[in-house]
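[1] I would like the atomic coordinates for the input below:
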Amino acid sequence: MATIPWCFTLALFMIVLMAIPNASLATMNAIDKCWRGNPRWRSQRQQLARCSVGFAGKMTNNIGKGVVRYKVTDPSDDPLNPKPGTLRHGATMIKGKVWITFKRNMNVTLQRPLLISSFTAIDGRGVDVHITGVGCLLVYQATDVIIHGLRIHHCKSQPASSVMGPDSKVIPLGQMDGDAIRLVTARKVWIDHNTLYDCQDGLLDVTRGSTDVTISNNWFRNQDKVMLLGHDDGYLRDRNMKATVIFNHFGPNCNQRMPRVRHGYAHVANNLYQGWEQYAIGGSMSPSIKSESNFFIAPKLGNKEVTWRQGNDQAEKASWKFYSVGDVFENGASFSQQTGIGGAKPNYNPEQSFKVADARLVTDLTSSSGVLRCFRTLRC
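    Below is the predicted model:
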């Protein structure tokens, strides 16, 4: 019997492997479809920056001429004297545009919060990177930041401390509550395809005048307070905050704040909600929230209401722009007291705009939420 040449067998095997991801391209969301079909993603990593949508817009300020390609080779952390090869050295000490990747799988235990400088992209694709410890990630008075492909968990609170910052200056930090990612007076930040869970306080805080933020394709699980948009009721600068929350998977075991919005505007679209305890989406101080084509699965027992509104002034709450368009509600989920219907449009510019899909497609659109498994020569 004739034997099939090994080279033909190998070629056929590769064709089959390449075709498997192709079959799912049609069901990918607008962001993933932009880059995940490229088998050369490893050598063309910066293509990712052209794929963001929502209020962050395209992240093209992070690519082009002058980008420093920095590879993390050392998982250790020294907050006051960051060594070359560590994540802290790449994220904080290098001036200008820097695109950070990782040499191998690693666990980085932060000794203090990690300051991320402007024009920094942290790209964990192709390896398994865990970030734990104190803080954890802090985008403070920075702009044009990408955080992609990290597992961030078990972050703990930290008393007031100091860390080495840009320009080799020691930066004093106040108390940190123990969030996975915290944005403070930050602008144009894209947080995509991360897995966040089990932190002391929350998983993501966007505060103190931060704006133009896109939160996409993340998996949030095992957490009481998930996502806070707006510092506190008295911080009026957060009225200018604009955030897009799309294609994320919330749950299992999430209690509240998916998100909780103060003052500002949030477009919450095409997310999967796998239950909650207190509520899924809520707020205070007259936020504007458009919930669009999400898939809400209420818990089997307990509260089935999606929303929560803080305050006793019924007239004030009636003035909110907080409503649902095209959402799907399963297992008895409900979205009551809709107000300001039609008045919370995102008004995206062309580079921010994307087509919101039918809510019945959300399980497909979010099936790859969280950290992706990316291989060297195949599509992610």
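[2] tell me the SS of residue 138?
    Here residue 138 is strand, with the state taken from DSSP: H, G, I helix; E, B strand; the rest coil.
[3] Which residue, other than its chain neighbours, is closest to it?
    Spatial nearest neighbour of residue 138, chain neighbours left out: residue 113 (4.5 Å); criterion: Cβ to Cβ, 6 or more residues apart in numbering. Every residue, glycine included, has its C-beta placed from N, CA and C.
[4] Report the contact partners of the one you found.
    For residue 113, the contact set (Cβ atoms under 8 Å, 6 or more residues apart in numbering) comprises 134, 135, 136, 137, 138, 158, 161, 163, 173, 176, 182.
[5] Which residues does the fifth one form beta bridges with?
    Going by DSSP bridges, residue 138 is paired in beta bridges with residue 115, residue 182.
[6] so it touches residue 116, yeah?
    Yes: with contacts defined as Cβ atoms under 8 Å, residue 138 counts as touching residue 116 at a distance of 6.8 Å.
[7] higher neighbour count, the two?
    Comparing residue 138 with residue 116 by other Cβ atoms under 10 Å, the one with more neighbours is residue 116, at 27 against 24.
[8] Show the contacting residues for the more buried one.
    91, 92, 122, 137, 138, 139, 142, 145, 147.
[9] how much space between the residue nearest to residue 138 and residue 164?
    In this structure, residue 113 lies at 12 Å from residue 164, with Cβ to Cβ, to the nearest Å as the measure.
[10] And residue 155, by the same measure?
    20 Å.
[11] Kindly report the same for residue 350.
    In this structure, residue 350 lies at 40 Å from residue 164, with Cβ to Cβ as the measure.
[12] So between these two, which is more surrounded?
    A direct count of neighbours by other Cβ under 10 Å for residue 350 and residue 164 places residue 164 higher, at 20 against 7.
[13] Can you check the distance spanned by stretch 318-330, start to finish?
    26 Å (Cα to Cα, to the nearest Å).
[14] Please enumerate residues in contact with it?
    If you take Cβ under 8 Å, 6+ apart as the criterion, stretch 318-330 is touched by 283, 286-298, 306-307, 309, 335, 337-344, 356, 358-360, 362.
[15] if you set the cut-off to 6 Å instead, what comes out?
    The contact list for stretch 318-330, computed with Cβ atoms under 6 Å, 6 or more residues apart in numbering, reads 286, 288-289, 291-297, 335, 338-341, 343-344, 359.
[16] what kind of secondary structure is residue 353 in?
    Three states are possible here, and by three-state DSSP the one that applies to residue 353 is coil.
[17] Among the contacts of residue 113, which pair sits farthest apart?
    137 and 161 (15.2 Å; Cβ to Cβ).
[18] Comparing these two, which shows the higher neighbour count?
    For residue 137 versus residue 161, neighbours defined as other Cβ under 10 Å are more numerous around residue 137 (26 against 18).
[19] distance of that one from residue 195?
    If you go by Cβ to Cβ, the gap between residue 137 and residue 195 works out to 13 Å.
[20] Ok, residue 127 next?
    As for residue 127, its distance to residue 195 is 14 Å (criterion: Cβ to Cβ).
[21] The two - which one has more neighbours?
    Looking at residue 127 and residue 195 with other Cβ under 10 Å, you find the greater number of neighbours at residue 195, namely 20 against 16.
[22] Are we agreed that residue 315 is in a strand?
    No: according to three-state DSSP, residue 315 belongs to no strand; its state is helix.
[23] And it, what's its pLDDT?
    The model reports residue 315 with a pLDDT of 77.
[24] With residue 330 instead?
    98.
[25] swap in residue 168?
    If you check residue 168, the pLDDT there is 81.
[26] State the distance from it to residue 118.
    In this structure, residue 168 and residue 118 are 16 Å apart, going by Cβ to Cβ.
[27] Tell me which of these two has more neighbours.
    Residue environment comparison for residue 168 versus residue 118 gives the larger neighbour count to residue 118, 20 against 9, counting by other Cβ under 10 Å.
[28] Tell me the secondary structure of the more buried one, please.
    Classified using three-state DSSP, residue 118 is coil.
[29] who are the neighbours in contact with it?
    Contact analysis of residue 118 by Cβ under 6 Å, 6+ apart lists 142, 143, 144.
[30] likewise residue 91?
    The contact partners of residue 91, taken as Cβ under 6 Å, 6+ apart, are 114, 116, 120.
[31] For the stretch 251-380 of the chain, which segments count as helices?
    Ranges of helices within the stretch 251-380 of the chain are 314-318, 362-365, based on DSSP state H, counting those that start in this stretch.
[32] Of those helices, which is nearest residue 240?
    helix 314-318 (19.9 Å).
[33] so when I look at residue 189, I'm seeing a strand, right?
    Yes: assessed by three-state DSSP, residue 189 belongs to a strand.
[34] when you give positions from now on, start the count at 11
    With the count now opening at 11, the last piece we talked about shows up as residue 199.
[35] who touches stretch 53-68?
    Everything outside stretch 53-68 that qualifies as a contact, by Cβ under 6 Å, 6+ apart, is 40-41, 44-45, 69-70, 72-73, 133, 198, 200, 222, 224, 252, 254, 361-362, 364.
[36] pLDDT of stretch 248-259, averaged?
    Computed over stretch 248-259, the mean pLDDT rounds to 96.
[37] now that stretch: how far from the chain's centre is it?
    Its chain's average C-alpha position is 10 Å from that of stretch 248-259, according to Cα atoms, centre = their mean, to the nearest Å.
[38] what sits up against it?
    39, 64-65, 216, 221, 223-229, 239-241, 272-282, 375-376, 379.
[39] ok, of the residues you listed, which come out buried?
    Neighbour-count burial within the contacts of stretch 248-259 applies to 39, 64-65, 216, 221, 223-229, 239-241, 272-282, 375-376, 379; the criterion is 16 or more other Cβ atoms under 10 Å.
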